[in-house]
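Chemist: Below: sequence and its predicted model.
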Amino acid sequence: MRAFVAVEMGEPIRAALSALIGDLRRLDAPVKWVEAQNIHLTLKFLGSVPDTAVARAIEILRACAGGIAPFSLEIAGAGGFPDLKRPRVVFVCAVDRPPAAAELARRLNERMAEVGAERDDRPYQNHITLGRVREPRRLAQLTQRLESLQGKSFGSMQATELTLMESRLTPAGPIYSPVERVRLAG
């Protein structure tokens, strides 16, 4: 099973970001935009988890969530990776208070190696992917629009649980299905 661990977005955030994607889509940049139902904050991409290891992945997810209290997420600002001059990924920022997402990502990065997930050596950055650039042309309007969104708030929400999500790739795009939800209890 191809999987990742995420914080699912509440409906008000999902609606605000879906409207933003609709606005950005009108700029006609060569970007594959995320479908509204797939908007989420990824904490750890696991890759392919053998069916025999899914139960263990759920145990690890519970252990990693242990001792972490629910936290607030402010969705504000926009950007591009690696930078706005040559974006390959278009995103909005997710600011957590108190800072918990990076700690969760660190725990998951260490522990999910037990089920075959590769450790990521890059520092974790809270962001919600909105789209992936297909080719580096016709991006001037997009980058100007993203720059204009610096500091703009798209809302806030309380993160109360983590989701182990299955990702099935199809010609029409990925289909995400929750496998297990684990509450943050602090």
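Modeler: Nice, thanks for sending it over.

Chemist: list the helices and strands the strand of greatest length in the chain packs on?
Modeler: The longest strand of the chain (DSSP state E) is strand 71-81. Judged by 3 or more Cβ pairs under 8 Å, 6 or more residues apart in numbering; DSSP states H and E, strand 71-81 is in contact with helix 11-25, strand 89-97, strand 127-133, helix 140-148, strand 153-159. Every C-beta, even on glycine, is put in place using the N, C-alpha and C of the backbone.

Chemist: Buried residues of the fourth one, list them for me.
Modeler: Using 16 or more other Cβ atoms under 10 Å as the test for burial, helix 140-148 gives L142, T143, R145, L146.

Chemist: ok, the residue lying closest to E135 once chain neighbours are set aside - contacts?
Modeler: Once flanking residues are discounted, E135 sits nearest to P30: 4.7 Å by Cβ to Cβ, 6 or more residues apart in numbering. Applying Cβ atoms under 8 Å, 6 or more residues apart in numbering to P30 gives the contacts V133, R134, E135, R137, R138, L139.

Chemist: export the residues you listed to JSON lines and tack on neighbour count?
Modeler: Below are these laid out as JSON lines (neighbours: other Cβ atoms under 10 Å):
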{"residue": "V133", "neighbour count": "20"}
{"residue": "R134", "neighbour count": "11"}
{"residue": "E135", "neighbour count": "9"}
{"residue": "R137", "neighbour count": "9"}
{"residue": "R138", "neighbour count": "13"}
{"residue": "L139", "neighbour count": "21"}
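
Chemist: Output those residues as CSV; include the columns distance to A3.
Modeler: Converted to CSV, the contacts of P30 look like this (distance: Cβ to Cβ, whole Å):
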residue, distance to A3
V133, 25
R134, 25
E135, 29
R137, 34
R138, 34
L139, 31
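
Chemist: just the residues you listed now: which is nearest G155?
Modeler: V133 (25.1 Å; Cβ to Cβ).
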